[in-house]
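**Q** What follows is a predicted structure for the sequence shown.
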Amino acid sequence: MTKLNDLYKGRTTLALLMIVAIWVLSPKQAHAVTQTKDYQSGKASFDLNVNNKNIPYELFFQTIMPGQTLQMSSNRKELVSRVELGKGWQDLNWRNGLLEWKAPKTPGLYRIETMDKDSDQKITLSVFVLRPASEMKNGVLNGYKIGNYPKPLKGLDAYAAPEGFIEVTPKNKSTRITPHFTLEQFLCKQAGGYPKYVVLKQNLLENLENLLTDVNRKGIRADSFVIMSGYRTPAYNKAIGNVANSRHIYGDASDIYIDSRKSGIMDDINGDGKINKDDAHYLYSVANNHAIHDHRDDLVGGIGVYKANAVHGPFVHVDVRGTRARWGI
């Protein structure tokens with residue numbers, strides 16, 4: 001009996017050592033097994049349409065000019081909504097599956113919460129009433145230098161100057177505009193105090209959320225991307241020597257990488273023990289998935305790969321310009 005017990009203990013110890021060895025030798029694979037349980041996409045649990053846009057996540061955002069009307073619709077019959085005005089909340093009335101709310105004339109953040117009474121599920125919409133571009137004087141808005149937008153490239157609507165800007169303050173900068181991204185991640189890197197101003201398109205955020213979900217499905221645990229460069233003012237874009245019609249000035253482009261280690265550069269996401277352009281190529285290969293990222297016209301755009309230099313590590317550019325473009329491969 002003693003020999004059998006010793007044999008049993010020996011086999012148990014060996015099995016445990018093998019498990020530990022597998023985990024040590026293959027941390028990426030071991031992490032991949034648990035990541036799907038940890039990561040939550042934050043997809044909306046019921047249908048809600050706002051100004052002809054389906055709201056895809058339980059946290060999302062909307063931009064609107066002062067005094068314009070926001071229209072909401074849904075197939076759900078038991079919805080209740082309220083809007084945050086200042087420090088209080090005001091109930092909003094649904095009639096026959098429709099709701100209308102007239103935006104205040106004062107730019108700023110107004111939250112609208114909508115709950116499905118049948119399921120108790122909620123969608124929170126951060127509504128940014130824009131500061132009109134017409135208030136700019138000599139390319140400056142409230143002391144913040146924006147610069148002048150170039151004439152639309154080839155007359156295309158996608159290159160038209162914005163009508164207004166999201167006003168960013170110390171109070172609202174940390175607003176979570178989608179489940180995994182905050183407003184301040186997309187601020188221009190130029191120097192200057194608050195208020196700051198930003199242009200940001202919904203389809204860019206939806207594309208980034210889709211890509212982040214796909215990255216986690218591939219076994220790469222990431223709670224967000226590092227937005228190395230999001231919105232750029234035309235003034236800043238010119239100062240860094242970029243092309244005048246860069247998609248960054250229109251709020252639908254981002255330069256991104258994955259940095260779960262908080263090291264300041266891309267993780268070794270392809271698992272080869274190195275951090276170089278190959279990791280950016282791997283992220284590109286995930287992004288270059290037509291079924292997920294180009295399945296709608298408003299999600300079609302550009303993807304570019306960039307290697308490290310003295311200033312930054314490897315990264316990937318993504319945008320939703322409306323036409324397909326690929327470079328740096």
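**A** Received it, and whenever you're ready, just let me know what you need.
**Q** And the helices in the stretch 101-250 of the chain, which stretches?
**A** Counting by DSSP state H, counting those that start in this stretch, the stretch 101-250 of the chain has helices at residues 202-217, 234-239.
**Q** Need the residues that contact the last one.
**A** Residues lying outside helix 234-239 but in contact with it, judged by C-beta atoms under 8 Å, 6 or more residues apart in numbering, are 139, 145-150, 188-190, 244, 246, 248-249. To be clear about C-beta, it is placed using only N, CA and C from the backbone, and glycine gets the same treatment.
**Q** repeat that for 10 Å
**A** 139-140, 144-150, 161, 188-192, 229, 231-233, 242-246, 248-250 (C-beta atoms under 10 Å, 6 or more residues apart in numbering).
**Q** mind listing what's buried in it?
**A** 234-238 (16 or more other C-beta atoms under 10 Å).
**Q** ranges for the strands of the stretch 1-150 of the chain?
**A** Counting by DSSP state E, counting those that start in this stretch, the stretch 1-150 of the chain has strands at residues 49-50, 53-54, 59-64, 69-73, 79-85, 88-92, 98-102, 108-116, 121-129, 131-132, 140-141, 144-145.
**Q** For K274, which of those strands is the nearest?
**A** Nearest of the strands of the stretch 1-150 of the chain to K274, taken as C-beta to C-beta: strand 59-64 at 35.9 Å.
**Q** What is that closest one packed up against?
**A** strand 49-50, strand 53-54, strand 69-73, strand 108-116, strand 121-129, strand 164-168, strand 176-178, helix 202-217 (3 or more C-beta pairs under 10 Å, 6 or more residues apart in numbering; DSSP states H and E).
**Q** let's go with 8 Å and repeat that
**A** The elements that strand 59-64 packs onto, with contact taken as 3 or more C-beta pairs under 8 Å, 6 or more residues apart in numbering; DSSP states H and E, are strand 121-129, strand 176-178, helix 202-217.
**Q** Redo the ones you listed as JSON lines? Include mean neighbour count.
**A** Output for those, formatted as JSON lines (neighbours: other C-beta atoms under 10 Å):
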{"stretch": "strand 121-129", "mean neighbour count": "21"}
{"stretch": "strand 176-178", "mean neighbour count": "20"}
{"stretch": "helix 202-217", "mean neighbour count": "21"}
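**Q** I'd like those written out as TSV, with mean pLDDT added.
**A** TSV is the format used below for these (pLDDT from 0 to 100):
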stretch	mean pLDDT
strand 121-129	98
strand 176-178	98
helix 202-217	95
